[in-house]
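A.B. asks: need the 3D shape of this:
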Amino acid sequence: MSFFDISKSKKKKKDRDRDRNKYKDKHRANKDKGGDRSGDRGGDRGNKDDSRRKKRSKPMPIALSSLDSEEYTKLLRTCHDQSEPYNHLVLDPLYDPEKLRQVHEEVKNNMTATYKETDLFKLFQTGELGNITPDDELGQKMPELLKLRESIYSQEFRTFVQNITGCAELTDRVDFSGNAYTCQCHLMCHDDVISTRCVSFIIYLTDPDEPWTTADGGALELYPLEKETADPTAAGKNDASSFPTGMKHRSSLASLSFESLANATGGSTTAAPTSQSNLEQGVPAPIPSLNILPKSNSMAMFVVQPGRSYHAVQEVFGDMPRLSISGWFHAAEPPVGSSMASLKQIMSSVESDLPFVPIRASIFNGCPEDSSSKKSLEQELREMEISTTDMNILKQYLSMEYLRPASMLKIRNTFIEESSVQLYDFLNDDIQRLISESSFQADESEQLGSGQVPRYTTGMNKRWSCIGPPHKHRYLRYEDNVDTGGTGEDAGALLADIRQQLFRTPVFHRYLHKLTNLRVTEHRDEIRRFRPGLDYTVAHHGTLVESPRMDATLCFADTRTKEKAEMWDGGDVGGFECYIAAEDDTDADATAEVYKSEKEGDENEDGDLLSVQAGCNVLNIVMRDEGVMKFVKYVSHKAPSSRWDIALEYNVEVDSDDEYEDVSAEEDDLDDEEDGGSDMGSDDGMMEASGSDSDTGDETAEEYDETK
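C.D. replies: Purely as a prediction, here's the structure:
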């Protein structure tokens, strides 16, 4: 069976509906059933069979042919030590070209791979290649792969790696697995720190007859550290001037030509030993400073350094598969400074840099109090009525359907029962048209979306800042307190006007109370742009809350055609917002951090609680309880547009201590009260009770440790 005889296990609609219902039950994470989310991100491999590492006759990589040259090794070490943004090396070529070509064909034609996707990655992955033996059926079909593996496992090569990287002494433990990144596959930023991993390596098996170019994407991105700031929680916020307009691309940093290495290092052969004691640590800048192309028969490697060796795999833009074998050489002990590992940072509870703003309780004076006594439908409809003053403001912005008492009561009942609701065509047609046209025009003029290859700095200016750090998130945030002399007609300015004139007002807070039966006590908000081929957020403990919190997100995405709408609905291009249960165990060492592997074929069925697709002019209201994290899935370059939104968060208090009642019996009565307009409870109506039919948000990957 071919490596490409792989299929994505799409969930049927009934399975997706089942997953939706998981969020209905008080939207609380079932931690006993959901398991440890650490299982989603791959893991530590067990001890290998030492018998496989017995010395045997085997070919050596080309890099080993010069091991007896001390001067040559020093030149490689100097090249390694002078590299940026942190020490790394690319051996090119690594192996005999014809033998590597055979390895490429063996892997392509004989290995099978499993499709895997989480908030962190999207890729195809084989099992552990270290488990294949020369005597089994698969091993007999891949003799050259096994020879390459034994060369990499050899003591000679491990000593060579120690000499050119200055790393700690390596043990005979080596991880070795295959990966395939097809179009739209990607891997988010991380530093690789888990357990005793010491040196990361990636052997590229891309098509030797089709040279890889920058237009194909799939580069290994290396990230520099963020500039120090007075406020560490503000790390990642940068002006466009902080970043280069162009990106350095390299297919290799080390040639095996002695002369070229001597020239590259100025003829110096002196290399200082690497020391972990003076390791510079921090958080990564939002934009990589170096991209390494996956050139066939090259091997990238770097020492795993906590809070330093940040890297990612850029989305693959082209049609050629990015094949590779990746793994780690292990040391006897974990690296120094592991408390700054990217995983530890993800599992920390550091919240957003945006502060909450108090909301005066007096704005709810005159609002009807909830009571435990049963109210008639007439009473409830009367309580939904909006004052003349508030109505005069709200009708300037909202669709009139959402201002009718019967519609509002139906929304409230749905929210109480489901803990989430989607309100389609929320803003009126005039405002929707202005924002849509402006945002879509920005994407078109900046050549974003629909398969176009983005630039890292696209869309960045004095008002739109790139927000990191990228091991947690990357997107653009609009700053409306910057005087740029603009016209106010761009999408950011229009969204800022809606935020200021509507969402931040007591009028809207009272309206929200009617829709949800919740009184908001504090709020914060931001205007975001998720650019195709660049932006995302990942689930991390900074999104956890100590008490219930309500999210209200107004989203704009290009759904002007049926095809575009279906792309967002299908989930393949990302951009959906997903709510998942957090793992119960916060001891990263005990769980092999977030990368720990699940058993083969095991899926985290209870992890995903709700997925909400990106849409145009849709307000998504979700009640987020303790133990729930959220993320916006990476937006693919194939997406029809950017995802633009106003993301609002509210700390709330519930009017009554009573549990939410079963209000479904009132639905028929409310339908009778409707005097026109859409059937808001139907599939094609304006309101929907829950999230999306996303296939990708439900499929949980098992591993994050062999994904370069």
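
A.B. asks: number of residues surrounding Ala582?
C.D. replies: 22 (other Cβ atoms under 10 Å). Bear in mind the C-beta positions are built from the backbone N, C-alpha and C, glycine included.

A.B. asks: oh, that last question was meant for Glu351, not what I typed.
C.D. replies: 16.

A.B. asks: which residues of the stretch 551-700 of the chain fall in helices?
C.D. replies: Assigned by DSSP state H, counting those that start in this stretch, the helices in the stretch 551-700 of the chain fall at 562-570, 667-673.

A.B. asks: worst mean pLDDT among those?
C.D. replies: Ranked by mean pLDDT, the helices of the stretch 551-700 of the chain bottom out at helix 667-673, with a mean of 51.

A.B. asks: contacts only, for the closest residue to Glu385 other than its chain neighbours.
C.D. replies: With sequence-adjacent residues excluded and distances taken as Cβ to Cβ, 6 or more residues apart in numbering, Glu385 is closest to Pro405, at 5.5 Å. Contacts for Pro405 (Cβ atoms under 8 Å, 6 or more residues apart in numbering) come out as Leu381, Arg382, Met384, Glu385.

A.B. asks: go again using 10 Å as the cut-off
C.D. replies: Pro405 is in contact with Glu380, Leu381, Arg382, Glu383, Met384, Glu385, Ile386, Lys514, Leu670, Glu673, counting by Cβ atoms under 10 Å, 6 or more residues apart in numbering.

A.B. asks: pick out the most distant pair among the residues you listed.
C.D. replies: Greatest spacing in the contacts of Pro405, by Cβ to Cβ: Ile386 and Leu670 (17.2 Å).

A.B. asks: could you pull out the strands for the stretch 51-200 of the chain?
C.D. replies: 88-92, 114-117, 121-128, 170-174, 177-181, 186-190, 197-204 (DSSP state E, counting those that start in this stretch).

A.B. asks: please list all residues in contact with Gln432.
C.D. replies: Applying Cβ under 10 Å, 6+ apart, the residues contacting Gln432 are Ser399, Asp425, Phe426, Phe556, Cys616, Asn617.

A.B. asks: same thing but 8 Å
C.D. replies: Asp425, Cys616, Asn617.

A.B. asks: quick one, phi/psi of the residue nearest to Glu385?
C.D. replies: phi -50, psi -40 (degrees, to the nearest 10).

A.B. asks: list the buried residues for stretch 122-137?
C.D. replies: Lys122, Leu123, Phe124, Gln125, Thr126, Gly127, Glu128, Leu129, Gly130, Ile132 (16 or more other Cβ atoms under 10 Å).

A.B. asks: with only the CA atoms kept, save that stretch in PDB.
C.D. replies: Only the C-alpha atoms of stretch 122-137 are listed here, as PDB (Å, rounded to 0.1, in the frame of the first residue of the first chain):
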ATOM      1  CA  LYS A 122      -2.300  19.200  10.400                       C
ATOM      2  CA  LEU A 123      -0.300  16.400   8.800                       C
ATOM      3  CA  PHE A 124       0.100  12.700   7.900                       C
ATOM      4  CA  GLN A 125       2.300  10.600  10.100                       C
ATOM      5  CA  THR A 126       3.800   7.100  10.100                       C
ATOM      6  CA  GLY A 127       4.400   5.000  13.100                       C
ATOM      7  CA  GLU A 128       7.800   4.700  14.800                       C
ATOM      8  CA  LEU A 129      10.200   3.600  12.100                       C
ATOM      9  CA  GLY A 130      12.600   2.300  14.800                       C
ATOM     10  CA  ASN A 131      10.200  -0.700  15.300                       C
ATOM     11  CA  ILE A 132      10.800  -2.100  11.800                       C
ATOM     12  CA  THR A 133      13.200  -5.000  11.600                       C
ATOM     13  CA  PRO A 134      15.000  -6.500   8.600                       C
ATOM     14  CA  ASP A 135      13.100  -9.700   9.000                       C
ATOM     15  CA  ASP A 136       9.500  -8.500   8.900                       C
ATOM     16  CA  GLU A 137       7.500  -8.000   5.700                       C
END
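
A.B. asks: only the buried residues of the helix ranked longest in the chain, if you could.
C.D. replies: If you go by DSSP state H, the chain has its longest helix at helix 429-445. Within helix 429-445, the residues that qualify as buried are Ile431, Gln432, Leu434, Ile435, Ser436, Ser438, Ser439, Phe440, Ala442, Asp443, counting by 16+ other Cβ under 10 Å.

A.B. asks: now those in CSV, with distance to Glu351 and pLDDT?
C.D. replies: As requested, these are exported to CSV (distance: Cβ to Cβ, whole Å; pLDDT from 0 to 100):
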residue, distance to Glu351, pLDDT
Ile431, 31, 97
Gln432, 32, 97
Leu434, 33, 97
Ile435, 28, 97
Ser436, 32, 97
Ser438, 31, 97
Ser439, 28, 97
Phe440, 33, 95
Ala442, 30, 97
Asp443, 30, 97
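
A.B. asks: ok so, going back, for the strands of the stretch 51-200 of the chain, which one sits closest to Lys99?
C.D. replies: Using Cβ to Cβ, those put strand 197-204 closest to Lys99, at 12.4 Å.

A.B. asks: what's the angle from the closest one to strand 177-181?
C.D. replies: Angle between the axes of strand 197-204 and strand 177-181 is 50 degrees (criterion: axes from the mean of the first three to the mean of the last three Cα atoms, to 10 degrees).

A.B. asks: and the angle for strand 197-204 with strand 88-92?
C.D. replies: Using the same axes, to 10 degrees: strand 197-204 against strand 88-92 is 30 degrees.

A.B. asks: just checking, what packs against strand 197-204?
C.D. replies: With contacts defined as 3 or more Cβ pairs under 8 Å, 6 or more residues apart in numbering; DSSP states H and E, strand 197-204 has these neighbours: helix 143-153, helix 155-165, strand 299-303, strand 322-331.

A.B. asks: confirm that Ile287 sits in a strand.
C.D. replies: No. Counting by DSSP: H, G, I helix; E, B strand; the rest coil, Ile287 is located in no strand; its state is coil.

A.B. asks: hang on, it packs against Thr457?
C.D. replies: Yes. Using Cβ atoms under 8 Å as the test, Ile287 is close enough to Thr457 to be in contact (7.3 Å).

A.B. asks: those two: who's more crowded?
C.D. replies: Ile287 (23 against 18).

A.B. asks: what residues are up against the more buried one?
C.D. replies: Taking Cβ under 8 Å, 6+ apart, one finds Tyr223, Phe243, Tyr456, Thr457, Cys466 in contact with Ile287.

A.B. asks: what are the phi and psi values for the first one?
C.D. replies: The reference is to Tyr223. According to degrees, to the nearest 10, Tyr223 has phi -110, psi 130.

A.B. asks: among the buried residues of stretch 122-137, show me the least confident.
C.D. replies: Lowest pLDDT among the buried residues of stretch 122-137: Gly127, 82.

A.B. asks: my guess is it contacts Asp175, does it?
C.D. replies: No. Gly127 sits out of contact with Asp175 when judged by Cβ under 8 Å, with a separation of 11.7 Å.

A.B. asks: coming back round to it: could the contacts of Gln432 go into JSON lines alongside distance to Pro640 and neighbour count?
C.D. replies: Putting these into JSON lines (distance: Cβ to Cβ, whole Å; neighbours: other Cβ atoms under 10 Å) gives the following:
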{"residue": "Asp425", "distance to Pro640": "18", "neighbour count": "19"}
{"residue": "Cys616", "distance to Pro640": "10", "neighbour count": "22"}
{"residue": "Asn617", "distance to Pro640": "15", "neighbour count": "22"}
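
A.B. asks: from those, which is closest to Ile498?
C.D. replies: Checking these one by one against Ile498 (Cβ to Cβ), the nearest turns out to be Asn617, at 10.9 Å.

A.B. asks: sorry, back to before: including pLDDT and distance to Cys367, could the contacts of Gln432 go into TSV?
C.D. replies: Formatted as TSV, the contacts of Gln432 follow (pLDDT from 0 to 100; distance: Cβ to Cβ, whole Å):
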residue	pLDDT	distance to Cys367
Asp425	98	26
Cys616	98	32
Asn617	98	27
